[in-house]
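K.L.:
A predicted structure for the sequence below; I have some questions about it.
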Amino acid sequence: MNIEQARFNMIEQQIRTWEVLDQQVLNLIGQMRREAFVPSQYRDLAFADIMVPLDHGQVMMEPKMEARLLQALNIASTDVILEIGTGSGFFTALLAKLGKHVYSVDIMPDFTESAQRRLTEHGIRNVTLETGDAANGWDKHGPYDVIAITGSLPTIPEAFERSLRPHGRMVVIAGKGAAMEAVLVMRDGREGWGRESLFETSIPALLHLDQPRFVF
């Protein structure tokens, strides 16, 4: 496989055609080695328009979904970011390249450990990885400018909304079964929140040990 040609095709044929026109986002995805974060047995699928399987029934989102969420978050270099669901660490790396610091939490220790190795190999140091159950909030480093929830939840917990700073942004996939949508939540002021539906999708739920009905 010609990796650079595959990366170019991914950007031009999948991402750009999915209304992702932010040049900073396109440049970043073109520079970040996605293939290095994909499990070795699926390396040939690194640039495919699919969700790549991970352990524990989780997935890497499609490249176009990662790009669309990044564009919606409109991350600034001064932003402090919370990510719920570290997974492979690829989306963590993208967030870290755009923002000031990323706090990323995953319930699975092996995800945290493997993501740390990959981020270190890529010289990404503005990330704090933690293992824990954050499905109902993680305010220990808050408030945050940006929150990215990379697994689905039946509804959007109020705790996450209240962890946003005024003018903060959050993306979350909310819903059940096939009826899910990616939502952008914006905190307008101290007590005001707005929501914008970005696109319909369906991804595995956040693993949540206290409420196993959420497990995909």
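P.N.:
Looks like it arrived, so ask away. Numbering: from 1, shown residues only.
K.L.:
Count the residues that sit near residue 75.
P.N.:
Residue 75: 24 surrounding residues under other Cβ atoms under 10 Å. In this view, the C-beta of every residue, glycine as well, is placed from N, C-alpha and C.
K.L.:
tell me the contacts of it?
P.N.:
81, 95, 98, 99, 146 (Cβ atoms under 8 Å, 6 or more residues apart in numbering).
K.L.:
mind checking the SS state of it?
P.N.:
coil (DSSP: H, G, I helix; E, B strand; the rest coil).
K.L.:
distance of it from residue 146?
P.N.:
6 Å (Cβ to Cβ, to the nearest Å).
K.L.:
between these two, what contacts are shared?
P.N.:
With Cβ under 8 Å, 6+ apart as the test, residue 75 and residue 146 both reach 81, 95, 99.
K.L.:
Closest to residue 110 out of these?
P.N.:
Top of the list for closeness to residue 110, among these and by Cβ to Cβ, is residue 95 at 20.6 Å.
K.L.:
Export only the CA atoms of the helix or strand that contains the closest one, formatted as PDB.
P.N.:
According to DSSP states H and E, residue 95 maps onto helix 90-98. Extracted C-alpha coordinates of helix 90-98, given in PDB (Å, rounded to 0.1, in the frame of the first residue of the first chain):
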ATOM      1  CA  PHE A  90      -5.300   8.900  18.000                       C
ATOM      2  CA  PHE A  91      -8.100  11.400  18.600                       C
ATOM      3  CA  THR A  92      -6.200  12.400  21.800                       C
ATOM      4  CA  ALA A  93      -3.200  13.200  19.700                       C
ATOM      5  CA  LEU A  94      -5.200  15.400  17.400                       C
ATOM      6  CA  LEU A  95      -6.700  17.300  20.300                       C
ATOM      7  CA  ALA A  96      -3.300  17.800  21.900                       C
ATOM      8  CA  LYS A  97      -1.800  19.200  18.700                       C
ATOM      9  CA  LEU A  98      -4.600  21.800  18.600                       C
END
